[in-house]
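Enquirer: Prediction below, plus the sequence it came from.
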Amino acid sequence: MQYGTPPGSLLRLKAGFASLAFYSLLLTTPCKAEIAEFENTGTLTSARTGHTATLLPEGKVLAAGGQNTDSGTLNSAELYDSADRTWAVSGSMITSRTAHTATLLPDGTVLVAGGDHSFQTSVTAELYDPATETWTATGSLNGARRSHTATLLPNGLVLVAGGVYDDFGYGFFSLDTAELYDPATGTWMLTESLPTARSGHTATLLPDGNVLVAGGGNFDSVFGGDLLASAELYDPAAGTWSTTGNLNGVRSGHTATTLSDGKLLVAGGLDDNGFVSTAEVYDPGTKTWTTTGNLITARGYHTATLLSDGEVLVVGGENSDGFIASAELYNPESGTWSATATLNTARAFQSATLLPDSSVLIAGGIDSTTGGPLLESTELYVQSATLLNISTRLSVQTGDNVMIGGFIVTGTGSQAVIVRGLGPSLGVTASLSDPIIELHDSTGALLATNDNWKDDANQQQVVNSGLGPTNELESALWTMINPGAYTVILKGKSDGTGVGLVEVYQVGEGSDAQLANISTRGLVQTDDNVLIGGVIVGSGTGDDSANVLIRALGPTVPVAGTLSDPTLELHDSSGTLIDSNDDWKTRADGSSQQAEIEATTIPPNDDLESALLETLSPGNYTAIVRGKDNRVGVGMVEIYNFP
């Protein structure tokens with residue numbers, strides 16, 4: 001049996017700790033588990049920065065070249081295997097190089113071009129074959145360059161644009177030249193030059209097949225140079241460049257990320273006054289830039305990665321305070337940034353690669369405010385599997401035996417939620433004929449209440465969400481709330497009794513605020529009137545599973561008439577019993593689970609209470625709390641998610 005499944009992805013009910021707010025039914029208050037974290041993973045065989053990182057078709061990551069304080073410019077390459085989280089040496093490049101580009105070609109080989117080699121800008125290019133882990137020379141560029149961009153076009157050609165020509169002892173100059181690599185012939189051909197010479201810019205393939213080049217600088221070691229606000233479009237069909245809308249300010253050392261809707265997010269970098277926190281979005285339809293929310297931390301030389309959920313992860317970098325360990329997430333729907341996990345090692349000039357399991361591999365770079373040392377450490381950004389909508393069904397009585405649910409909103413911004421109280425539509429006998437819901441804050445103050453959902457002042461928002469109850473006597477309310485603890489009370493109109501269901505949904509993603517899990521208290525009876533909690537585990541990264549602790553409490557609930565000996569069952573979406581527990585220290589097979597549950601720091605406080613510690617794959621689950629030997633009394637179900 002499963003209750004309260006949300007339509008689509010309206011709700012992302014993040015893990016945390018349970019609370020019943022001013023009813024004080026929670027006996028412990030553990031620290032909230034991190035939803036995301038950086039985990040140290042395999043160490044590079046060579047410390048490096050200024051390298052490239054390419055995700056290969058088989059799922060491994062190729063790190064090539066770069067610079068090492070001991071060896072100078074590197075020709076070495078290595079492979080990261082996400083299955084065992086290790087790096088292994090691969091075939092070395094023919095030419096050592098740093099500040100080069102690497103492009104995955106349609107045939108699965110990797111094209112490396114240009115860069116610095118022994119203090120001179122390179123004109124060479126070579127190909128990596130993943131099948132043999134070897135490099136072979138290919139046609140040379142028409143002009144030597146480093147700090148350029150390379151973009152795979154829809155027609156299979158590779159566009160290389162701009163960069164710097166740096167001949168040691170003779171100065172350096174930003175380039176306006178551009179050329180195309182043809183994998184079929186292994187040759188380069190010049191195409192129309194950029195309107196403005198530039199390096200340190202970004203180049204992004206847009207959904208219409210054009211390439212947008214933005215920002216950077218036009219430098220000349222003799223005459224100096226300027227940072228740029230200009231942007232230009234390359235049309236592969238015509239082989240020509242045209243100017244487009246300017247950025248709202250000059251910037252270099254920034255990142256550019258294509259969002260899920262085809263727009264382009266540019267974030268951070270430097271302007272004429274130093275590192276910036278500003279960000280802006282380019283709309284290919286109007287060819288204009290619009291400012292969006294500022295980064296929490298000004299930074300440049302960071303990385304930006306589009307995650308599978310549509311958010312953008314910005315990691316590390318440098319600012320006037322030194323190298324940065326913090327990371328943050330951009331929400332395209334709200335145009336805002338929120339803090340996420342912190343790197344184990346502050347770093348800039350690192351690489352970032354989105355892996356097939358949706359985790360992000362951060363590799364190498366530079367640490368410390370002195371510009372060294374170079375790093376051989378690598379880290380994985382992983383997100384815990386989330387607990388989605390948690391709804392609870394119970395026989396709702398009167399007085400202290402109404403249904404009481406608690407939840408916590410975490411984060412820094414306000415969040416829209418929908419609370420529903422269902423009865424007639426449940427399709428069970430003796431359902432609650434006319435449910436009423438109340439929402440209280442942690443002080444007990446009444447924030448909102450609803451009897452019949454169509455009478456609510458925000459009824460249209462409920463309709464727009466697709467969460468309108470099917471029976472007009474059922475209750476639903478939409479409201480904006482700030483982070484904190486809240487209590488939901490579900491009762492019957494005119495002291496009516498019967499089976500009811502309470503649900504809390506987070507609607508949209510208007511801020512970094514997230515719902516923490518629900519705990520529910522009520523009178524546990526027998527047969528269909530036991531306490532039933534529906535749980536949905538959503539996707540995370542890594543092994544994509546959730547480590548879940550479920551507790552069934554009775555004796556320690558601080559009210560009269562408690563359930564003296566609660567039992568707990570966990571079922572999957574087909575109703576199959578996954579596991580069960582009577583007394584929490586012992587598993588159903590008689591073995592001890594005391595140490596594992598005590599390690600969570602929130603074991604039940606009475607030996608007769610029940611608990612299950614499970615690793616659950618994404619899907620729907622049902623937790624059932626009963627009284628042993630058909631005992632009745634007030635009981636409580638809680639669900640915690642640990643990363």
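Expert: That came through, no problem. Numbers count the residues shown, from 1 in each chain.

Enquirer: Point out where the stretch 151-300 of the chain drops to low pLDDT.
Expert: Along the stretch 151-300 of the chain, the model assigns pLDDT under 70 to residues 167-171, 221-224.

Enquirer: what ranges do the helices span in this protein?
Expert: Assigned by DSSP state H, the chain shows helices spanning 459-465, 594-598.

Enquirer: So for R393, which of those sits nearest?
Expert: For the helices of the chain, distance to R393 was read as CB to CB. The smallest value, 20.5 Å, belongs to helix 459-465. No exception for glycine: its C-beta is placed from N, CA and C like everyone else's.

Enquirer: So what's the gap between the closest one and the chain middle?
Expert: 27 Å (CA atoms, centre = their mean, to the nearest Å).

Enquirer: re earlier: of the helices of the chain, flag the one that's most buried.
Expert: Per residue and on average, the most neighbours among the helices of the chain fall to helix 459-465, with a mean of 17 (mean count of other CB atoms under 10 Å).

Enquirer: what's that helix in contact with?
Expert: Surrounding helix 459-465, the residues in contact under the criterion CB atoms under 8 Å, 6 or more residues apart in numbering are L10, A416, I418, W453, D456, G468, A476, L477, W478, Y505, V507.

Enquirer: Which pLDDT value goes with the residue lying closest to G316 once chain neighbours are set aside?
Expert: Computed as CB to CB, 6 or more residues apart in numbering, the closest residue to G316 that is not its neighbour in sequence is R347, at 4.8 Å. R347 carries a pLDDT value of 95.

Enquirer: how does this structure divide up, domain by domain?
Expert: In the domain annotation for the chain, the residue ranges read 21-35+386-642, 260-383 (automatic domain parsing).

Enquirer: So which of the ones you listed is nearest T86?
Expert: Among the domains of the chain, domain 260-383 sits nearest to T86 (CB to CB), with 10.2 Å.

Enquirer: can you give me how far the closest one is from the chain middle?
Expert: That offset, for domain 260-383, works out to 13 Å (CA atoms, centre = their mean).

Enquirer: the bottom helix or strand of this structure by mean pLDDT?
Expert: Taking mean pLDDT, DSSP states H and E as the measure, strand 514-515 is the helix or strand of the chain with the lowest mean score, a mean of 59.

Enquirer: Show the contacting residues for G143.
Expert: V123, Y165, L175, T177, E179.

Enquirer: should've said P207
Expert: Each residue near P207 by CB under 8 Å, 6+ apart is listed here: T258, G262, P284.

Enquirer: State the distance from it to P618.
Expert: Distance of P207 to P618, given as CB to CB, to the nearest Å: 29 Å.

Enquirer: Quick check on the contacts of G143: which are buried?
Expert: With neighbours counted by 16 or more other CB atoms under 10 Å, those contain buried members at V123, Y165, L175, T177, E179.

Enquirer: ok, so of those, who is nearest N142?
Expert: For the buried ones among the contacts of G143, the nearest to N142 is E179 (5.3 Å; CB to CB).

Enquirer: Isn't that closest one up against G139?
Expert: No. Using CB atoms under 8 Å, E179 and G139 do not qualify as a contacting pair, with a distance of 10.3 Å.

Enquirer: joint contacts of the two?
Expert: Residues touching both E179 and G139 (CB under 8 Å, 6+ apart) are W188.

Enquirer: Out of the helices of the chain, flag the one nearest N605.
Expert: Nearest to N605 among the helices of the chain is helix 594-598; the distance by CB to CB comes to 11.5 Å.

Enquirer: So what touches that closest one?
Expert: Residues beyond helix 594-598 that count as contacts (CB under 8 Å, 6+ apart) turn out to be L549, W584, K585, T586, P603, A611, L613.

Enquirer: Filter the residues you listed down to the buried ones.
Expert: For those, a burial check counting by 16+ other CB under 10 Å picks out L549, W584, K585, P603, A611, L613.

Enquirer: Distance to A184 and pLDDT for the residues you listed - can I get that in CSV?
Expert: Conversion of these to CSV gives the following (distance: CB to CB, whole Å; pLDDT from 0 to 100):
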residue, distance to A184, pLDDT
L549, 57, 89
W584, 66, 97
K585, 68, 97
P603, 65, 94
A611, 63, 96
L613, 57, 94
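
Enquirer: residue contacts, the closest residue to D220 other than its chain neighbours?
Expert: Closest residue to D220 apart from its sequence neighbours, by CB to CB, 6+ apart: F173 at 5.5 Å. Counting by CB under 8 Å, 6+ apart, F173 makes contact with V164, Y165, D166, A197, F219, D220, S221.
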